[in-house]
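> predicted model follows, preceded by the sequence.
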Amino acid sequence: MRFSLRSRLGIALSLITLVAIVGAFAVSGFLRGSAVNAHAAGVGHTTLAQLKYRGVGSIKGGPKGVAPDTVSPYEAGPVPTDGSPKVVAGNPSNLPTTPPNPRGSNVTTSNPGFRGFTGITHADQRLANGGNQFSLEPPDQALCVGQGDILEGVNDALAVYSESGHVILKPVTALSVFFGLPNIITRTNPPTFGPFISDPKCYYDRSTARWFFTVLEIDTDPTTGAFANHSSTLIAVSQTSDPTGLWTIYSIDTTDDGTNNTPAHPGCPCFGDQPLIGADSQGFYISTNEFPITGPGFNGAQIYAVSKKGIEAAASSGGSISLPTVVHIDASQALVPFGGLSYSVQPATSPTPGAQEPNNGTEYFLSALDFNASLDNRVATWALTNTQSLNKATPSVNLSVVVIGSETYGQPPNATQKNGPRPLGKALGDPLEQLASNDDRMNQVVFSQGLLWSGVNTIVQAPNGNPRVGIAYFIVQPSWSNGSLVASMAGQGYVAVNGANVLFPSIGVTASGKAVMSFTLSGPTYYPSTAYTTVDVTNGTGDVHIAGAGQLPEDGFSGYPQYGGSGVARWGDYSAAVADGNIILLAAEFIPNLPRTLLANWGTFISQVNTN
């Protein structure tokens, strides 16, 4: 979920909603310039928590279900729709007022050094586990690679492929099966419901040859499917370097209502929306956006840190040794001097964990500062230091943040798409959907060669006055002066296509600092497609290369009024990109011409780009 209102269809087709907020908060101050503008050490309120051992899982595959020929009351699962922006009184007068107007990139189908294949589709996800799954939009993309294997997670399913031959090694498996949970829905009469799970992320740690996979979990009433008053972040850690082997499953309680030794936060019981993950040489890190399970509210960014060595050792033991302590930092207030509660504080991963880590181990983060869903020209650089202490029973880490000036970015419009055959839309009598570009929060962050790489969706101007979706990217150089975090903008720029949209970027970076950005390309002359471009600190970006060419328009249920939509389909909350030596692998959503189900037709495409 991505700052959205979620709902689940109950027995009587009634929607049970949990309200969230499209990134919109107060703006009360602004600092200009690309040099260091502000610094706050020791930000955030820290508590200690514990991992809970949940058992052992594996990627099992299993029987496929049969595509239904009618839409039952239980066909559509959690239906994402945008919440209403919550703007608190502030003074945005110093913020930019004009959207960027970058030069349009050339689009080409030439792909030197490229290979690719279709990954998990909506039909794969829906029909996994004997069909005891929901129809879901958008596809949230997880991707990690190591030891010659590619692990892909999408929504509530995952699969393993060989990197060399693109052969599937472990078939599409429901995440409920992988995590040892009850079926998301068991399609008996009446049906029963299992926990709600969403927002998969995965990471392969090259320094230890272990795999990590995370999702959010919210308990439900097994009879009605209504959300219950408890949530967790689930963490799976491989017991060996083989992702097709056994994994150990843990959870962190994210309810934060004062029960089970959690802190008591306003409006809770809560859930940790869209767990974001990263790692340095010492620790594994998760950042969430905290929302009440029922009712409005937002409690800002929460950061969880745990010893990587400790959790991996415990995983390899199958749960027979003691579990490491979890540090929980409420980082919500750190950016209040700059206008609002912090949100989507993206931890960094690195192709070389352990390189350039001062202060007894350092994990870096980036976040955006568009608190009122308009325009901004600042980014925040964060650092968690003394991460070696995570290996102790009582860790002592320190969180710092610095805000620097950047190019202008802002709330993007919806994206257009090419029209074509739309059996669901035609049957419903609805017009062509647009694609939701959500907002301009920070996407995936990579730390390589002393630089932090990331990007955001943004509005861009057009010669005809019609705004479109573009990408703003940032290359930030963190450093230290007399023990204090400082940062500067080493490079920045835009990706835009004249007359079309590019959205949901992820940048993969090699150990030598070569970078490739993945995203969606869509517009009046483009079906939704996966595309990429190279990124360079000095020379900027290159041509936009079409990788997985879309063959049909998006024709999924989430945008149609009959399913609670408003003409805008949910689309790819996030893409993924990761380096494997000189190869960068990319994954994003597109629309293939493949078997579909009644309610959705999305697919994913995995690309390999050789940077040599």
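Everything's here; your move.

> what residue ranges in the protein score low on pLDDT?
1-41, 77-93, 356 (pLDDT under 70).

> can we see that at 80?
Where the chain drops to pLDDT under 80, the residues are 1-42, 77-94, 318-320, 353-356, 462-465.

> CA atoms only: put the helix ranked longest in it into PDB for me.
The helix that spans the most residues within the chain, counting by DSSP state H, is helix 308-316. Taking Å, rounded to 0.1, in the frame of the first residue of the first chain, the C-alpha atoms of helix 308-316 are listed here in PDB:
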ATOM      1  CA  LYS A 308      22.400  -8.800  10.300                       C
ATOM      2  CA  LYS A 309      24.800 -11.300  11.800                       C
ATOM      3  CA  GLY A 310      22.400 -12.100  14.600                       C
ATOM      4  CA  ILE A 311      19.300 -12.600  12.400                       C
ATOM      5  CA  GLU A 312      21.200 -14.700   9.900                       C
ATOM      6  CA  ALA A 313      22.800 -16.900  12.600                       C
ATOM      7  CA  ALA A 314      19.400 -17.400  14.100                       C
ATOM      8  CA  ALA A 315      17.900 -18.200  10.700                       C
ATOM      9  CA  SER A 316      20.600 -20.800  10.000                       C
END
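
> which residues does it contact?
When contacts are defined by Cβ atoms under 8 Å, 6 or more residues apart in numbering, helix 308-316 is touched by residues 51, 53, 205, 208, 210, 235, 237-240, 247-248, 250, 279, 281-284, 321-324, 390-391. Using the backbone N, CA and C atoms, a C-beta is placed for each residue, glycine as well.

> hmm, 7 Å instead?
By Cβ atoms under 7 Å, 6 or more residues apart in numbering, the list of residues contacting helix 308-316 from outside reads 205, 208, 210, 237-239, 248, 279, 282-284, 321, 323-324, 391.

> show me which of these is closest to Ile459.
Closest to Ile459 out of the contacts of helix 308-316 is Ala279 (32.7 Å), distances taken as Cβ to Cβ.

> so Val397 sits against Val327, correct?
Yes - contact between Val397 and Val327 holds when scored by Cβ atoms under 7 Å: they sit 5.9 Å apart.

> who touches both of those two?
With Cβ under 7 Å, 6+ apart, Val397 and Val327 have common neighbours 305, 390.

> where's the nearest residue to Lys418 once chain neighbours are set aside, which helix or strand?
Nearest residue to Lys418, sequence neighbours excluded (Cβ to Cβ, 6 or more residues apart in numbering): Tyr527, at 4.9 Å. Tyr527 is part of strand 526-536 when elements are defined by DSSP states H and E.

> enumerate the positions of that strand that are buried.
For strand 526-536, a neighbour-count test (16 or more other Cβ atoms under 10 Å) marks 526-535 as buried.

> closest to Glu152 among the residues you listed?
Taking Cβ to Cβ as the measure, Glu152 lies nearest Thr530 of the buried residues of strand 526-536, at 13.2 Å.

> kindly state the beta-bridge partners for the closest one.
For Thr530, the beta-bridge partners are Thr520, Gly548 (DSSP bridges).

> verify the stated contact: it with Pro592.
No - Thr530 is beyond contact range of Pro592, at 10.3 Å (criterion: Cβ under 7 Å).

> ok, Ser105 - contacts?
The contact partners of Ser105, by Cβ under 7 Å, 6+ apart, come to 495-497, 533, 541, 543-544.

> out of the residues you listed, who's the most crowded?
Val495 (28 neighbours; other Cβ atoms under 10 Å).

> could I get the contacting residues of that one?
With Cβ under 7 Å, 6+ apart, Val495 has these contacts: 105, 470-471, 502, 517, 533, 541.

> just grab the bridge partners of it for me.
Beta-bridge partners of Val495, as defined by DSSP bridges: Ile471.

> surely Ser251 meets Gln50?
No - with contact defined as Cβ under 7 Å, Ser251 does not count as touching Gln50 (10.1 Å).

> phi, psi for Leu151 please.
phi -110, psi 120 (degrees, to the nearest 10).

> quickly note the distance from it to Val145.
Taking Cβ to Cβ, to the nearest Å as the measure, Leu151 falls 7 Å from Val145.

> neighbour count for these two, which is higher?
Val145 (27 against 24).

> in the chain, which spans are helices?
With DSSP H as the criterion, the chain has helices spanning 122-127, 175-178, 308-316, 423-428.

> residues contacting the closest residue in space to Gln434 that isn't next to it in sequence?
Distances taken as Cβ to Cβ, 6+ apart place Asn414 nearest to Gln434, at 4.1 Å, with adjacent residues excluded. In this structure, Asn414 makes contact with 434-437, 568, judged by Cβ under 7 Å, 6+ apart.

> repeat for Trp211
Trp211 sits in contact with 144, 151, 202, 204, 238, 243, where contact means Cβ under 7 Å, 6+ apart.

> the fifth one and Asp430: what is the separation?
Using Cβ to Cβ, one obtains 44 Å as the distance from Ser238 to Asp430.

> what residues are bridge-paired with Ala487?
Beta-bridge pairing of Ala487 under DSSP bridges involves Pro478.

> relative to Phe213, how far out is it?
Ala487 is 31 Å from Phe213, by Cβ to Cβ.

> now Gly62
17 Å.

> same check on Asp257?
27 Å.

> likewise Ile329?
Applying Cβ to Cβ to Ile329 and Phe213 gives a distance of 23 Å.

> of the two, who's got more company?
Taking other Cβ under 10 Å, Ile329 and Phe213 do not tie; Phe213 has more neighbours (28 against 23).

> that one and Leu234 touch, don't they?
No - look at Phe213 against Leu234 with Cβ under 7 Å: they stay out of range, at 8.4 Å.

> so Ala579 bridges to which residues?
When bridges are assigned using DSSP bridges, the partners listed for Ala579 are Ile584.
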